[in-house]
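> Return atomic coordinates for the entry below.
(one chain, ligands or ions: 1)
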Amino acid sequence: MSAMRSPRALAVGVLAAGMMSHQPHAQSFGRTPSASEIAGWDIDVRPDGAGLPAGGGTVAQGRAVYDENCAACHGPEGRDGIRDRLAGGQGTLASGQPIKTVGSYWPYATTLFDYIRRAMPYQAPASLSADETYAVSAYILYLNGILPAEGGLDRASLPRVRMPNRDGFLPEREFTAGWTAAR
Ligand code: HEC
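Residues are numbered from 1 along each chain as shown. Alright, predicted model coming up:
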């Protein structure tokens, strides 16, 4: 009967043993990443376009990329898919039934490139080339009436695209230079 111990005492004992057995290895944990590994992670694109890679693509090329890689979840025209709606909704944000899409809500077109490059297609993120990402971004902007059918995007033109809701955001006070919280 003396072998009966509380589960908590047992758990603490296991934890302590685990910490002790791992301590000698703590110094040798991990390794310095290689330059190419860092380059793979260092892919952020800022609102002003800083960080955009070379390359480019057209709305027409983007339609093919979209149909093959995106339409299954986002619907044939960026609507009526099983996942987030990407097109339409302009002018609905202040209504009782706001429809938030890339076209109605997002303030910067550069974020579209950044987001697709790091997160889409959902089941295979980062699998598109830079050209394909420019092209599919152009196609989504076309679906929103922001680019013409014969339009395209590259590093120079993408930051110049003005999104319809660009001025629809108010800065948070604590992110404004010079603002300090009253304590
Ligand atoms: C397997 C389903 C699937 C596929 C395929 C897919 N997506 Fe998505 N997508 C999602 C899901 C789920 C979300 C929401 C993710 C979240 O909120 O974290 C999303 C979100 C997005 C958004 C953000 C929408 C918003 O307003 O927040 C964009 C833009 C987008 N996807 C573009 C694409 C593009 C471009 C492709 C093709 C290259 C693609 N997606 C392929 C499932 C998918």
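
> near the ligand, which residues of this structure show up?
69-70, 72-74, 83-84, 86, 101-102, 112, 115-116, 120-123, 128, 136 (CB under 6 Å from any ligand atom). Glycine gets a C-beta too; all of them are placed from N, C-alpha and C.

> how about the spatially most central residue of the chain, what does it touch?
Centroid check for the chain by CA atoms, centre = their mean gives Tyr115 as the closest residue, at 2.8 Å. When contacts are counted by CB atoms under 8 Å, 6 or more residues apart in numbering, Tyr115 touches no other residue.

> Now do the buried residues in whichever helix or strand it is part of.
Tyr115 belongs to helix 109-119 when elements are defined using DSSP states H and E. In terms of neighbour count (16 or more other CB atoms under 10 Å), helix 109-119 has its buried residues at Ala109, Thr110, Thr111, Leu112, Phe113, Asp114, Ile116, Arg117.

> Show me which of those is closest to Ser36.
Arg117 (16.9 Å; CB to CB).

> gap between Ala50 and the ligand?
From Ala50 across to the ligand, the span is 20 Å (CB to the nearest ligand atom, to the nearest Å).

> Surely that residue is in a strand?
No. In this structure, Ala50 is coil, not part of a strand, as judged by DSSP: H, G, I helix; E, B strand; the rest coil.

> what's the burial count for it?
10 (other CB atoms under 10 Å).

> what does Thr133 give?
Thr133, neighbours per other CB under 10 Å, totals 27.

> Please, which helix or strand holds it?
Under the criterion DSSP H and E, the helix or strand holding Thr133 is helix 130-143.

> packing partners for that helix?
Contacting helix 130-143 under the criterion 3 or more CB pairs under 8 Å, 6 or more residues apart in numbering; DSSP states H and E are the following elements: strand 56-58, helix 59-69, helix 102-105, helix 109-119, strand 152-154.

> Please repeat the previous calculation with a cut-off of 6 Å.
In terms of contacts (3 or more CB pairs under 6 Å, 6 or more residues apart in numbering; DSSP states H and E), helix 130-143 is packed against strand 56-58, helix 59-69, helix 109-119, strand 152-154.
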